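# Sequence first, then the predicted structure, then my questions.
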Amino acid sequence: MNKIKKVVIPVAGKGTRFLPITKTISKTLLPIVDTPVIQYLLEEAVQAGIKEALIIIGYSQNDVINYFNTESTYVQKLSKDYEEIKYIKKLKQQIRISYVFQEEAKGLGDAVYHAKAFADKDDFALILGDDFVFSNGLSTYGIGSLCKFYEKNPNYYLGVQEVPYEMAYKYGIVKPETQISNCFKIDGIVEKPQNNPPSNMACVGRYILKNSIFNYLEKTKVGVGGEIQLTDALALALDKEDIYASEFDGIRYDVGSKAGYVEATIAVAMSRNDLSENMITDCNGLRLRYW
Ligand code: UTP
């Protein structure tokens, strides 16, 4: 059976929407309640049956490596008494984590190209470091939904979500052609269309990429925002490859934006038994009781 076993998670972007905190802390380490975003993303990959992860970091992002380091004497000591630390160790047994540096944030396409050696000859999953998918109790969600499509028909798959047309200028937007079961074959894709978007179906941080993507990335020129865009490489790929778009299960939050981050935090907190008892909502919004 065709199975996706590798995931690439780029977190080397500038994180300007979260300045000033991202001056010293990587955006992907910001906690949703008490767990950094990157940990949820790895859990999502594990749930999809993925065994190896490559995290693409910027030159000043040793904090990400340190977070997953469980070898120091202090952390060893903590792990005797704290389940939370044991859990990180367990996660690392389920998925092997490696890192590569993207020296300069030249765009998502450039970041993905840094995964060439890691991918070797394999197709792989891509999870963006600032799109969080809340499982809400589902066992298959986010990238897991796309892996299931790939298992039946190994091709390119893009996770999409409908957005208001007036918001399309913020996203990579696909042009759906034909519907095939729960997917759309696409015949166009454009990054941040300023007007006349081809649809309102936006790429939202989950992809299955075939190994051929590296050939197209090599031919991709600098695009919108002066960056090398993955969307432009996918547009080149469309000449020869079948690319499908599909919604996925789970609730997606853009945790790279402040509003999305707050929403995700509330959703996760409300779902947790240890916290939800202390939370009440009324017509004036959310209140916390913490005594
Ligand atoms: P974004 O463009 O949404 O995030 O990249 P950003 O650049 O970090 O944040 P802002 O817009 O300045 O606030 C989407 C994902 O791709 C990664 C980012 O870290 C994020 O996870 N990325 C982006 C890279 O790894 N390298 C890049 O050159 C660009």
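On my side now, so go ahead.
# Show me which positions of stretch 229-247 end up buried.
Judged by neighbour count using 16 or more other C-beta atoms under 10 Å, the buried positions of stretch 229-247 are 229-238, 243-247. For glycine as for every other residue, the C-beta is placed from the backbone atoms N, C-alpha and C.
# which two in these are spaced the farthest apart?
Between any two of the buried residues of stretch 229-247, the greatest separation by C-beta to C-beta is 24.7 Å, found for 236 and 247.
# Quick one: neighbours of the closest residue to residue 276 other than its chain neighbours, just the number.
In this structure, residue 276 finds its nearest non-sequential neighbour in residue 270, 5.3 Å apart by C-beta to C-beta, 6 or more residues apart in numbering. Residue neighbour count, defined by other C-beta atoms under 10 Å, stands at 12 for residue 270.
# Likewise for residue 269?
Neighbours of residue 269 (other C-beta under 10 Å): 18.
# Dihedrals phi and psi, it?
phi -60, psi -40 (degrees, to the nearest 10).
# What residue, apart from its backbone neighbours, is nearest it spatially?
Nearest to residue 269 is residue 275, by C-beta to C-beta, 6+ apart, at 4.7 Å.
# And that neighbour, its phi and psi?
Dihedral angles for residue 275 - degrees, to the nearest 10 - are phi -120, psi -30.
# Go ahead and confirm it touches residue 34.
No - here residue 275 lies out of contact with residue 34, judged by C-beta atoms under 8 Å, at a distance of 9.5 Å.
# contacting residues around the residue in the stretch 1-150 of the chain that the ligand sits nearest to?
Nearest to the ligand, among the residues of the stretch 1-150 of the chain, is residue 13, at 2.2 Å (C-beta to the nearest ligand atom). Residue 13 sits next to 27, 58, 105, 108, 111, 129, 130, 256 when contact means C-beta atoms under 8 Å, 6 or more residues apart in numbering.
# circling back to that earlier point, look at the residue nearest to residue 269 and say how many residues are nearby.
15.
# any idea how far it is from residue 132?
Distance of residue 275 to residue 132, computed by C-beta to C-beta, to the nearest Å: 17 Å.
# before we move on, what about residue 142?
In terms of C-beta to C-beta, residue 142 sits 9 Å off from residue 132.
# Give me the common contacts of those two.
With C-beta under 8 Å, 6+ apart as the test, residue 142 and residue 132 both reach residue 252.
# Now do the contacts for residue 143.
7, 44, 45, 48, 50, 125, 127, 133, 159, 206, 208, 248.
# Ok, residue 34 next?
Applying C-beta under 8 Å, 6+ apart, one finds that residue 34 lies in contact with residue 84.
# go with 10 Å
Residues near residue 34 by C-beta atoms under 10 Å, 6 or more residues apart in numbering: 84, 268, 269, 272, 274, 275.
# In these, find the pair that's most separated.
Farthest apart among these - using C-beta to C-beta - are 84 and 269, which lie 16.5 Å from each other.
# if we can go back for a sec, and the residue nearest to residue 276, which of the three is it?
Secondary structure for residue 270, judged by DSSP: H, G, I helix; E, B strand; the rest coil, is helix.
# and the gap between it and the ligand?
Computed as C-beta to the nearest ligand atom, to the nearest Å, the residue 270 to the ligand distance reads 25 Å.
# So that residue sits against residue 32, correct?
No - taking C-beta atoms under 10 Å as the definition, residue 270 is not a contact partner of residue 32, at 12.0 Å.
# Can you give me the neighbour number for the residue of the stretch 151-291 of the chain at minimum distance from the ligand?
Nearest residue of the stretch 151-291 of the chain to the ligand, counting by C-beta to the nearest ligand atom: residue 256, 4.7 Å away. Neighbours of residue 256 under the rule other C-beta under 10 Å: 22.
# Next up, the contacts around it.
Here residue 256 is in contact with 13, 15-18, 27-28, 30, 37, 128-132, 205 (C-beta under 10 Å, 6+ apart).
# buried subset of the residues you listed?
13, 15, 18, 27-28, 30, 37, 128-132, 205.
# Residue numbers of the stretch 151-291 of the chain in contact with the ligand?
residue 256 (C-beta under 6 Å from any ligand atom).
# swap the cut-off to 8 Å and go again
With C-beta under 8 Å from any ligand atom as the criterion, the stretch 151-291 of the chain meets the ligand at residues 205, 227, 228, 256, 257.
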